Every structure is written in structure tokens, then in C-alpha cells.
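In: Structure, please.
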Amino acid sequence: MCIRDRGYYIYRANLNEPLKLVGTIKDRFATHYLDDGLNPATTYRYAIKTFGQNGISADGIVVSASTSKGVETVSFAQAIYGLPERVKLIWRPHANLKVGSYIIERRKDEKSSWSKKAEVKGRLSAEYIDNSVKSGEMYQYRIRVKTLDGDISEPSNVLTAQTKELPLGVINLQATIDQPKKIILTWDSPLNEAFSHYQIYTSRGSILPLVPLAKTDKNSYEDLINANGARRYYKVTLVDKANVLETSQLWREVVADVAKKYEDVRLDYMYVDNAAMQLIKDPKQFDVLLTENLFGDILSDEASMICGSIGLLPSASIGGKVGIFEPIHGSAPDIAKQGIANPIATILSAAMMLKYAFGEHQAAKTIEEAVKKALKDGYRTKDIANYEAKEVCTTGDMGSIISNYITDDER
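Out: This next block holds a predicted model:
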């Protein structure tokens, strides 16, 4: 640097593109420059020139630098459709411990622009309910993941949901005019499988507001009035069950029918949003959770976070001629060949296979006890290193340690 230099010009370009000025440093003693707002997993070229009283320096060396891979968006998300004046979004909680929140974006259709609707705090959060929507209309959503450092992922796949149509109103509403000290209302209504009740409103004058009078599940109502010659105005509204999804009605009917064959098994019902909360609040209250695939996929991942890592839980798909035993997590290609994956879920899946597919209960117990002993002695893989680790192991080391415990038990 020359003493007459006053600062630096920073130039940047993507590969195979011409360099462009992106920053100016007006202090010749500066030694660092932060270039933010870049794309993840991208390589850029940089050059620096000095400027001062004598002009701008000649071209210098060009260096390359790459940004790291950004945080991935949610691996699974679903929009629950058919709700009255609301849309419910559910997603699989992110496995990255640096995730701090989820950004919800919404638009009306493909011609509209996306806008931020909400930011749901907490990595283990798994749902958002949008109650600022209208009945019988279509909406589109997408979800972004935001880390504690402020990094934001690419959006998820677009989720489309339609809100529930308002139920059709009653028809042929009639009121008697010849009954002493009472008025009898009768009406007809269209068939509605989600019917709950009728809400009756009344008023003493045509310009006065209607107020709630009564609820009934019948197509008639007697309004007892302690006077003759009284005049009343009425309105009857059909109310349906707001908390029943059309896709879940068949599920509940089948479960209730099958439950009749197993009188020794106690059956309780719980809405999935409440189940998600109760699973975190008091997981010991549950013995078996029976759900359809959509909700089960989410609740099982939520349960894995309670025990510390998704890499700890095995799973079994049984009931047919062939059983499938595997960890509840996927293949995790992002950490392949790094030696940091937790093998315990795979090992315990093998134990489940021995127990349920082959009836080898003692062999399964030996494997399970070996896993317990390894964890009790403080061996941890990277994903559970924050939980009282005495030694952090690679994938292979953890497998060897558990294998040695199995061998020692057999001796």
C-alpha cells in the first residue's frame, strides 16, 4: 500500500462472469470486509484495488471463495384443508439444533406475491393455524427455516389448502301466530353430515339487534312467552362441527368399529394438536398412539426429540406377511461418510426384528441392554454429545463399543 492510498474497492463476480464493484472501504488501515446476502453453496471470485490521490491501482490477483451450504428447509409439511375459517399447517420439526423458528409465507394464488404471515418460535414447533382466512377460499403457503444466527432457508414446497364452505342455511322457517302464550318455530334444513345444532336468535323489534335465545338439535322450537299478542322476530342458524376433518371421519369410524372386538383395551380419542402438546407435556401418559400416517409421521419425529435425538429411535412396520424394521429417520445424505451419524436407531431396529419377526426375545434383550450400558457409561455420538458425554464417538466407534458389550454379555 502507498501512503497516498485512501481506501479499497472490492470487486465480486460469479464464476465466468465479469467482476463488478460491490463495496468501498474508505479507510486505508482496514484489513477486513464482510460480504453478506450471498447464495449458499456458491463460489465467487474477488479482486481488490486501492484508490487514492493518484487514481485507482492496476488489476491485482483474483481469489475465489465459497459459501457453505445453507440450512435446509423442513423435510415434510402438510396443509390441513376443510377447516372453517382457518388453515392449519403442520410440519416435521427440524433436526438441526441451530434452528430457532419457522417463517410462514402466504399468497392467494399464483398471480399474487408472497408475504410473511407469521414466525413460529421454537425448533420443536410443529404447527401454525391461520385464522385470518375466509370460508370457501383457496390459499397457498410455504415455510422457511430460520436459524439462531439469522440464516434463512429456501422455501418449502408450496402447500395449497381450501377452507371449509359455510353450511347451507335453514329453509322454510315458519312461526305460529295462533298459539296462546307461545310461538312455535319450524324449519327445514339440507343434509349435513357434520351437523352439530341449530342456534336460534330473537328480537322484540325489526330494527333491534338479534340476541341468542336457545340451541336445539331438532327442526322445531317452542318459545314460551308469558303474554298473548306479543310479536317476536327470529333467525335460525345451522352450526356444524368445526373440529372434525372430513379426512378423519372414516378413520374414527373404523377405529371405533375395530375396538368393539378388543374390550380389554381402553380406547381414548384426542385431536392431533392436543396430542402434540400432551406428548411434550407428559409423554408417560401414553401407552400406544394410534394415528393415520400423516399425523403419525409428525408425532413420531416429535417423540424422538423428547429422548434427545432422532438417531435413537427404531421403528417397525408390521402386520402383513413381511415386516420392515428401520430407524425412524431417513438416509441423511448430508452427513454421509463423515462418521457422525448415530447408529443406535439402526441397532435397536435389528433388536426389534429379532423380537417381533423371529421370536428371539433373549437376543433382542441382549442388544437392548448393550445399548443401555454404552449410554450409561457416557459414550455419545455428536448428536447427543450435549447430554453428559464422557467420550464423543464416531459412528463406527459407537457400533464397536455396543458390539463389545454384546460379546461380553454372551461370555
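In: got any ranges where the stretch 51-200 of the chain has weak pLDDT?
Out: 193 (pLDDT under 70).
In: ok, which stretches of it are strands?
Out: 55-56, 63-66, 77-80, 87-91, 99-107, 115-121, 127-130, 138-147, 159-162, 171-175, 182-188, 195-203 (DSSP state E, counting those that start in this stretch).
In: distance between the ends of stretch 333-345?
Out: End-to-end distance for stretch 333-345, by Cα to Cα, to the nearest Å: 16 Å.
In: Then stretch 167-174?
Out: End-to-end for stretch 167-174, by Cα to Cα: 20 Å.
In: neighbouring contacts of it?
Out: For stretch 167-174, the external contacting residues (Cβ atoms under 8 Å, 6 or more residues apart in numbering) are 185-190, 192, 194-195, 198, 234, 236-240. Just so you know, the C-beta spots here come from the backbone N, C-alpha and C atoms, and that holds for glycine as well.
In: Please state the offset of that stretch from the chain centre?
Out: Its chain's C-alpha centre and that of stretch 167-174 lie 39 Å apart, by Cα atoms, centre = their mean, to the nearest Å.
In: got it, and stretch 98-113?
Out: How far stretch 98-113 lies from its chain's middle: 13 Å, per Cα atoms, centre = their mean.
In: Buried residues in it, which are they?
Out: 99-107 (16 or more other Cβ atoms under 10 Å).
In: Quick check: bridge partners of the nearest residue to Glu127 once chain neighbours are set aside?
Out: Leaving aside its sequence neighbours, Glu127 sits nearest to Ile90 (Cβ to Cβ, 6 or more residues apart in numbering; 4.8 Å). Ile90 has these beta-bridge partners by DSSP bridges: Gln78, Glu127.
In: and Ile90, how many neighbours does it have?
Out: Residues within reach of Ile90, counting by other Cβ atoms under 10 Å, total 23.
In: Then Tyr271?
Out: 13.
In: give me every residue that touches the residue nearest in space to the middle of the chain.
Out: For the chain, the residue nearest the mean C-alpha position is Trp91 (2.0 Å; Cα atoms, centre = their mean). If a contact means Cβ under 8 Å, 6+ apart, then Trp91 has 74, 76-78, 102, 126-127, 143, 156, 298 as its contacts.
In: Could you save those as CSV and add columns showing distance to Ala363?
Out: Putting these into CSV (distance: Cβ to Cβ, whole Å) gives the following:
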residue, distance to Ala363
Val74, 38
Phe76, 34
Ala77, 39
Gln78, 39
Tyr102, 42
Ala126, 36
Glu127, 40
Ile143, 43
Ser156, 42
Ile298, 33
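In: Most neighbours of all the residues you listed, which one?
Out: Highest count within these by other Cβ under 10 Å belongs to Tyr102, 28 neighbours.
In: Can you give me the distance of it to Tyr139?
Out: 17 Å (Cβ to Cβ, to the nearest Å).
In: Same check on Thr394?
Out: In terms of Cβ to Cβ, Thr394 sits 46 Å off from Tyr139.
In: which of those two has more neighbours?
Out: When neighbours are counted by other Cβ under 10 Å, Thr394 and Tyr139 differ, and Tyr139 comes out ahead with 22 against 15.
In: how much space is there between the more buried one and Leu159?
Out: 9 Å.
In: swap in Ile401?
Out: 43 Å.
In: if you count what's nearby, which of those two comes out ahead?
Out: When Ile401 and Leu159 are compared for neighbours, Leu159 comes out ahead with 21 against 18, by other Cβ under 10 Å.
In: which residues pair with Pro314 across the strands?
Out: According to DSSP bridges, beta-bridge pairing links Pro314 with Pro327.
In: Surely it and Lys355 touch.
Out: No. Between Pro314 and Lys355 there is no contact under Cβ atoms under 8 Å: 10.5 Å.
In: Please, where are all the helices along the stretch 301-411 of the chain?
Out: 344-356, 361-376, 395-410 (DSSP state H, counting those that start in this stretch).
In: contact partners of the shortest one?
Out: To tie it back to what came earlier, the one meant is helix 344-356. 310-316, 318, 323, 325-329, 360-361, 363-365, 367-368, 371, 375, 381, 398-399, 402.
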